[in-house]
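> below: sequence and its predicted model.
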There are 2 protein chains.
Amino acid sequence: MRAHNLALVLHTVANSTDRLSRAGVAAVTGLTRATVSALVDDLIAGGLLTELDPPPRTGAGRPAVGLALSAAGPAGLGCEINVDYLAACVVDLTGAVRQRFVEHADQRASDAAGSLEALGRLAARARLAAEAEGLTVAGAALAVPGLVTGDGVVRVAPNLGWQDVDAPALLRAVPELADLPIGVDNEANLAALGELLVDPAFLSGGGRPTFLYVSGEVGIGAGLVLDGELYRGVRGWSGEIGHVTVYPDGRPCRCGARGCLEQYAGQEALTGDEPLAAAALGIALAAVVNLLDVPVIVLGGAYAPLFTELRAGIEEELTRRVLTSGLAPVALRPAALGADAAMRGAADTVIRAVRDDPAAWLRR
Amino acid sequence: MRAHNLALVLHTVANSTDRLSRAGVAAVTGLTRATVSALVDDLIAGGLLTELDPPPRTGAGRPAVGLALSAAGPAGLGCEINVDYLAACVVDLTGAVRQRFVEHADQRASDAAGSLEALGRLAARARLAAEAEGLTVAGAALAVPGLVTGDGVVRVAPNLGWQDVDAPALLRAVPELADLPIGVDNEANLAALGELLVDPAFLSGGGRPTFLYVSGEVGIGAGLVLDGELYRGVRGWSGEIGHVTVYPDGRPCRCGARGCLEQYAGQEALTGDEPLAAAALGIALAAVVNLLDVPVIVLGGAYAPLFTELRAGIEEELTRRVLTSGLAPVALRPAALGADAAMRGAADTVIRAVRDDPAAWLRR
């Protein structure tokens, strides 16, 4: 009950558009003022809430002190490995990015242990810099362009050349990360979560949006959000849009098939032939809309900066190939977070775990 | 509270593998025996439950009377219109098909009003025959190969040539149906629900299966079941697999696009060129699996009797084109209900509504 009420108070403060006082939280939650005050004291002591100075007095009486999420408490360490870069960021409980490190280097020259050691060192720098600012990193999450099992093992990351890589174990080999819980997920899934969090258009859409996030890197992944929830598939392997066939007898793909989307609209095929890439994307996205009735498609990764070049070509195919295009158009837009979406989404999974179960954080 | 408990008792009897007595229902539900007895009396009076003679005595004591769903109470009228047939069935509360009428006739020769009048007459015959057996038809549901809005209006049914057809109003124009509530849904959606209900492999699989049901008719539709729930899409227009592109510059389709699956694997293209149909189906289904990580595909409609001819060709493409095919194969199987799946699923929506809210039925 106390665990439930701690989460209730924390969520109430986090989701309020006004700055609430203790009395305000009591009014919203229906808890007594004494109960709220005791819970708030615990949340402040644990570094989850902070009490802000009252605004300047404008009338009679003592103004109430306002509550806010703490910017000096637990934080999430978000990491990403992709074919041509490593990245790490630290996001605090309010959602603000406090540290951000990116290192460009082709990871195909390295094996999984080498790449993850380099990423681990980058992440350690981010962690130390954040902790020097007074934050406490509560955990880490890693975005990988591949198929990930529930326990964080990367079954296959074709463009990295990885197979059955125990990514959490390799990251924890870096001493500064040895004590952290580390989650792993597909980069497009995490980017979709990141996008869901920061885009006001989604947040205002009743809070339960349905969209496809497409991440254009060397490979192409997708994160599917249905009714506000990431749909991972039965084995967690949904979103492999890069291997949807667009031309059955087309270019050979490293997966063994022919005509995969990735061979026409992956980052390496894309450069210099945007019209071909846009047409191929349009054909594959039309399949998604015909199958799933998805009203919004968000283009991320390398597609975000190329959005204006790609848009018309994609929309032409959507208009031609989506059965319902005459009844309701599909909205196409660039990712709000750009290339940072996956690591932001990763960091947020850590933050969200703390916000959903503050009692566990206080017990630590 | 009484409404909730009525549903609880009805579900408990329906879902029990043993035949329960009143005392058994009390034990399972945690309600008092007196409460259960009063509720059971109401459900028996309303024709929803029946009390069965005890089995022959095998020991001492008075054997308890067993409860069962009534086969003489409310029933669902399921109707289907497709390009080359009309069909209607009546299913009782136990799930048994009590009446079944099918009329083969090309509906493209007729307009919507004509087709729905003919279907209405067929449905009226099914209703009257069922009521002559003592059943009470509680409502009707219609399966249509097209896009249906929430209020039952068929926006488009391309292969029937329908646009904005108020199907419930036209069916209710047949006097014997004028008093019935009539729902309308896409035929592949309803067929997927039908399949979900009767297939023991699904029922035993933890009850929350994920599968794609593909309905091969003149058009091709799909019903997507995710974690045990039909996924309809934001506007109810998911499952249009017939218009997924398989050959971008291929055969022109009546939808205006080129290379739609329907042009290679629809019933009219299929006959005589099963290898081409199987390859096209395999390409489109591989896209579904890559996008959604669906572990089971059920082939229904015209595909069910052709399953052995189609299987190898489809599996060849799935193996080649699904990124995860080496990690976990996709199970392919024929529909358990064959061509009756959609009307059985339709009838079941009526039955399920009664089972979920028996109080509403008793109040009628």
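Cool, got the structure. Numbering: from 1, shown residues only, chains lettered A, B, ... in the order given.
> when you work out contacts or count neighbours from here on, use the C-alpha atoms and nothing else.
Fine.
> residue A:66: what's it in contact with?
With contact set as CA atoms under 8 Å, 6 or more residues apart in numbering or on different chains, residue A:66 has these partners: A:19, A:20, A:21, A:22, A:51, A:52, A:53, A:54.
> which residues of chain A lie near chain B?
For chain A, the residues in contact with chain B (CA under 8 Å from any CA of the partner chain) are A:210, A:222, A:232-241, A:243-248, A:255-258, A:283, A:286-295, A:320-324.
> returning to that earlier point: just the contacts of residue A:66: which are in strands?
A:51, A:52 (DSSP state E).
> show me which of the contacts of residue A:66 are buried.
A:20, A:21, A:22, A:51 (16 or more other CA atoms under 10 Å in any protein chain shown).
> does the last one touch residue A:71 like I think?
No - under the criterion of CA atoms under 8 Å, residue A:51 makes no contact with residue A:71, lying 11.3 Å away.
> contacting residues for residue A:43?
A:6, A:10, A:49, A:358, A:362.
> just the element for the last one, please.
So that's residue A:362. helix A:358-363 (DSSP states H and E).
> next one: the first one
Counting by DSSP H and E, the element that carries residue A:6 is helix A:2-15.
> can you tell me the closest non-neighbouring residue to residue A:89?
residue A:100 (4.3 Å; CA to CA, 6 or more residues apart in numbering or on different chains).
> and that neighbour, helix, strand or coil?
Using DSSP: H, G, I helix; E, B strand; the rest coil, the structure places residue A:100 in strand.
> if we can go back for a sec, type out the PyMOL command that picks the buried ones from the residues of chain A next to chain B.
Here is the PyMOL command that selects only those of the residues of chain A next to chain B that count as buried (16+ other CA under 10 Å):
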select buried, chain A and resi 210+222+232+233+234+236+237+238+239+240+241+243+244+245+246+247+248+257+258+283+286+287+288+289+290+291+292+293+294+295+320+321+322+323+324
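> okay, now the domains of chain A?
Domain assignment of chain A by automatic domain parsing yields the ranges A:2-69, A:74-187+A:341-363, A:200-335.
> out of the buried ones among the contacts of residue A:66, which comes closest to residue B:36?
Lowest distance from residue B:36 to the buried ones among the contacts of residue A:66 (CA to CA) belongs to residue A:22, with 46.7 Å.
> ok, that closest one - contacts?
By CA under 8 Å, 6+ apart, the residues touching residue A:22 are A:33, A:36, A:37, A:40, A:65, A:66, A:67.
> restricted to strands, list these.
Those of those mapping onto strands are A:66, A:67, per DSSP E.
> redo the contacts of residue A:22 as a markdown table? Include distance to residue A:124 and pLDDT.
Below are the contacts of residue A:22 laid out as a markdown table (distance: CA to CA, whole Å; pLDDT from 0 to 100):
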| residue | distance to residue A:124 | pLDDT |
| --- | --- | --- |
| A:33 | 42 | 94 |
| A:36 | 37 | 95 |
| A:37 | 37 | 95 |
| A:40 | 32 | 96 |
| A:65 | 37 | 76 |
| A:66 | 34 | 91 |
| A:67 | 31 | 95 |
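> distance to residue A:191 added to the contacts of residue A:22, as JSON lines?
Formatted as JSON lines, these follow (distance: CA to CA, whole Å):
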{"residue": "A:33", "distance to residue A:191": "40"}
{"residue": "A:36", "distance to residue A:191": "35"}
{"residue": "A:37", "distance to residue A:191": "37"}
{"residue": "A:40", "distance to residue A:191": "33"}
{"residue": "A:65", "distance to residue A:191": "36"}
{"residue": "A:66", "distance to residue A:191": "33"}
{"residue": "A:67", "distance to residue A:191": "30"}
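> buried members of the contacts of residue A:22 into PyMOL, please.
Typed into PyMOL, the line below selects the buried ones among those, using 16+ other CA under 10 Å:
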select buried, chain A and resi 36+37+40+66+67
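> rewinding a little: can you point out the buried residues in the helix holding residue A:362?
Neighbour counts using 16+ other CA under 10 Å place A:358, A:359, A:361, A:362 of helix A:358-363 among the buried residues.
> I'd like the mean pLDDT over stretch A:267-286, please.
In this model, stretch A:267-286 has a mean pLDDT of 93.
> kindly apply the preceding question to stretch A:184-192 instead.
95.
> coming back round to it: and the residue nearest to residue A:89, what does it touch?
Residue A:100 makes contact with A:87, A:88, A:89, A:90, A:126, according to CA under 8 Å, 6+ apart.
> quick revisit: restricted to helices, list the buried ones among the contacts of residue A:66.
If you go by DSSP state H, the buried ones among the contacts of residue A:66 have residue A:22 in helices.
> out of the buried ones among the contacts of residue A:66, which is nearest to residue A:195?
Nearest member of the buried ones among the contacts of residue A:66 to residue A:195, counting by CA to CA, is residue A:20, at 27.0 Å.
> for residue A:26, see how far away that closest one is.
As judged by CA to CA, to the nearest Å, residue A:20 and residue A:26 stand 10 Å apart.
> and residue A:318, by the same measure?
Taken as CA to CA, the span from residue A:318 to residue A:26 is 50 Å.
> so for those two, which residue has more residues nearby?
residue A:318 (25 against 19; other CA atoms under 10 Å in any protein chain shown).
> which ones are touching the closest residue to that one other than its chain neighbours?
Ranked by CA to CA, 6+ apart and with sequence neighbours excluded, the top spatial neighbour of residue A:318 is residue A:286, at 5.2 Å. Neighbouring residues of residue A:286 by CA under 8 Å, 6+ apart: A:317, A:318, A:321, A:322, B:244, B:245.
> out of the contacts of residue A:100, the closest to chain B would be?
Comparing these against chain B with CA to the nearest CA places residue A:87 closest, at 26.3 Å.
> that concludes my questions; thank you for your assistance.
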